[in-house]
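**Student:** how does the following fold in three dimensions:
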Amino acid sequence: MRGAVATWLLVLGCAAPRPLFEPMRAAPCGQLEPKDPAFQWICLTSGEWLKGTVHRMRDEVLHFDSDELGDLEIDWGDVAQVWSQRQDVFVLDDNQQITGRAAVTPRQLVVEGEAGRTIHSRDRLVAIVPGTTSELDFWELEATVGATFNWGNVDQTSMSARSEVVREDGSTRLLLSYNGDLTRANSQDLQNRHVAIQRFDIYVGRDLYIRPLGMTFEHDRLANIQLRFVPGAVVGYDITRRPHLEWDVEAGAGYQYLRNLSVQAGEQQARHDAGAQIATRVEIDITSDLELELAWSSLLVFTNVRETRHHAVVEISIDLGDPFEVALVLDYIRQENPIADANGVVPNKDDLQLIVGLSLDPE
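**Tutor:** Below is the predicted model:
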């Protein structure tokens, strides 16, 4: 009889499903099993537990909406554990995507999906993407506007607008941006420049991405540019991605179509060239309310080196409280060989602009 009871107990023990969220005894989180499945839970290396919602994890940064502390950006190295009953997508370093509820421990990623339970090394985890979320959660918007109006001795209007829309998931990143500046005094243009940029990046590794097609459209009346169109493809690398520091570099090739508003007799109004594209960008969170961004890009035209062009941006953002910021932008353009217009006026090689405006940056 005792043998039969022991046999049944053994059978029942083997048949019972293994719990996904086994209590962890390892420091620093101690022995704890989160109770409320309505929330996702993270344990920091300090031993503190937070409940809330994981927005995403990418580039070694966890974006987490804490139930008590609001939106947080946490260095992935400071996260000891993640517990989630939600169906999320987990992207590995070979671009394999696994969907299911999961537990991330200091050493492992355990996912319970339709194919059953799979266990992977935590080091292979590249990104976490919400599997049951609104499409809007993948998008971010930032916009800056500024305007000045004068009447009397001088009738002058100055307007500037900068906007950036980003969609990012576990394996791709789309950027759409527009910069526009218009200044008119006594019905004369003092500034009339518009730039639109499209970039689509595909991550092929933890830090490596390719941009199969990026495009820039530019109109600058004072620089005698009716249309400057630059499509190109680049390879990029994220040197570092931390909550307080981001730095990436890019290199590739591109084509340039440049059409001037007017030219002198005998000059070509439209030209076609090819060149190399290089760029770098650094973003630093100096404090929780102060952010600095530095960017530099160059198109090195090898079919006509005089068409080489450089562009630098320095931007300081001061947080005024969600969702508003004050933005100070220093924009510098260097055109090695500006083309004279029909009247013989040659635009300056260097163009420097300072923009101060109110920025909308909803999280």
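
**Student:** same question for the helix or strand harbouring residue 333, mean pLDDT?
**Tutor:** For residue 333, the element it lies in under DSSP states H and E is strand 324-335. For strand 324-335, the mean per-residue pLDDT is 88.

**Student:** what lies in contact with it?
**Tutor:** For strand 324-335, contacts defined as CB atoms under 8 Å, 6 or more residues apart in numbering pick out 144, 162, 179, 223, 309-320, 347, 349-361. For every residue, glycine as well, the C-beta is placed using N, CA and C.

**Student:** weed out the non-buried ones from the residues you listed.
**Tutor:** In these, burial by neighbour count holds for 144, 162, 179, 223, 309-311, 313, 315-317, 319, 347, 351, 355, 357, 359, 361, counting by 16 or more other CB atoms under 10 Å.

**Student:** what's around residue 288, how many residues?
**Tutor:** By the criterion of other CB atoms under 10 Å, residue 288 has 8 neighbours.

**Student:** numbering from 49 from now on, please.
**Tutor:** Yep, numbering from 49; the last one is residue 336 now.

**Student:** doesn't residue 365 make contact with it?
**Tutor:** No. If you go by CB atoms under 8 Å, residue 336 and residue 365 don't touch, sitting 11.8 Å apart.

**Student:** please read off the pLDDT at residue 207 from the model.
**Tutor:** Looking at residue 207, its pLDDT is 83.

**Student:** over to residue 191?
**Tutor:** 83.

**Student:** again, but for residue 171
**Tutor:** With respect to pLDDT, residue 171 has a value of 90.

**Student:** what does residue 298 give?
**Tutor:** For residue 298, the model assigns a pLDDT of 97.

**Student:** show the contacting residues for it.
**Tutor:** Applying CB under 8 Å, 6+ apart, we find residue 298 in contact with 259, 282, 283, 284, 285, 325, 326, 327, 328.

**Student:** and it, what element?
**Tutor:** Under the assignment here (DSSP H and E), residue 298 is part of strand 293-308.

**Student:** list the buried residues in that strand.
**Tutor:** 294, 295, 296, 298, 300, 302, 304, 306, 307, 308.

**Student:** what segments of the stretch 299-411 of the chain are strands?
**Tutor:** With DSSP state E, counting those that start in this stretch, the ranges of strands along the stretch 299-411 of the chain come out as 318-333, 338-349, 357-369, 372-383, 398-408.

**Student:** redo the ones you listed as CSV? Include distance to residue 240.
**Tutor:** Output for those, formatted as CSV (distance: least, CB to CB, whole Å):
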stretch, distance to residue 240
strand 318-333, 20
strand 338-349, 22
strand 357-369, 18
strand 372-383, 14
strand 398-408, 12
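
**Student:** quick check: angle from the strand holding residue 298 to strand 338-349?
**Tutor:** Here strand 293-308 runs at an angle of 40 degrees relative to strand 338-349 (axes from the mean of the first three to the mean of the last three CA atoms, to 10 degrees).

**Student:** quickly run through the sheet partners of strand 293-308, with directions.
**Tutor:** Partner strands for strand 293-308, per DSSP bridges, with pairing direction: strand 273-290 (antiparallel), strand 318-333 (antiparallel).

**Student:** now the closest residue to residue 398 other than its chain neighbours: how far from residue 400?
**Tutor:** Sequence neighbours aside, residue 382 is the residue nearest to residue 398 in space, at 5.7 Å (criterion: CB to CB, 6 or more residues apart in numbering). Separation of residue 382 from residue 400 (CB to CB, to the nearest Å): 10 Å.

**Student:** so where's the stretch 99-248 of the chain shaky on pLDDT?
**Tutor:** By pLDDT under 70, the low-scoring segments of the stretch 99-248 of the chain are 180-182, 196-197, 200-202.

**Student:** for residue 155, which of the strands of the stretch 299-411 of the chain is the nearest?
**Tutor:** Comparison of those against residue 155 by CB to CB identifies strand 318-333 as nearest, at 29.4 Å.

**Student:** quick one: that closest one to strand 357-369, angle?
**Tutor:** For strand 318-333 against strand 357-369, the angle by the same axes, to 10 degrees is 40 degrees.

**Student:** what pairs with residue 222 across the strands?
**Tutor:** Residue 222 has the following beta-bridge partners by DSSP bridges: residue 215, residue 248.

**Student:** residue 289 now?
**Tutor:** Taking DSSP bridges as the rule, residue 289 bridges to residue 294.

**Student:** burial measure for it, as a count.
**Tutor:** Neighbours of residue 289 under the rule other CB under 10 Å: 18.

**Student:** follow-up on the earlier one: adding distance to residue 97, write the buried residues of strand 293-308 out as a markdown table.
**Tutor:** A markdown table is the format used below for the buried residues of strand 293-308 (distance: CB to CB, whole Å):
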| residue | distance to residue 97 |
| --- | --- |
| 294 | 28 |
| 295 | 32 |
| 296 | 33 |
| 298 | 39 |
| 300 | 44 |
| 302 | 49 |
| 304 | 54 |
| 306 | 58 |
| 307 | 60 |
| 308 | 63 |
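
**Student:** distance of the residue nearest the centre of the chain relative to residue 221?
**Tutor:** For the chain, residue 214 is the residue whose C-alpha lies nearest the centre (CA atoms, centre = their mean; 6.3 Å). Counting by CB to CB, the gap from residue 214 to residue 221 is 7 Å.

**Student:** same check, this time on residue 121
**Tutor:** For residue 121, the distance to residue 221 (CB to CB) stands at 17 Å.
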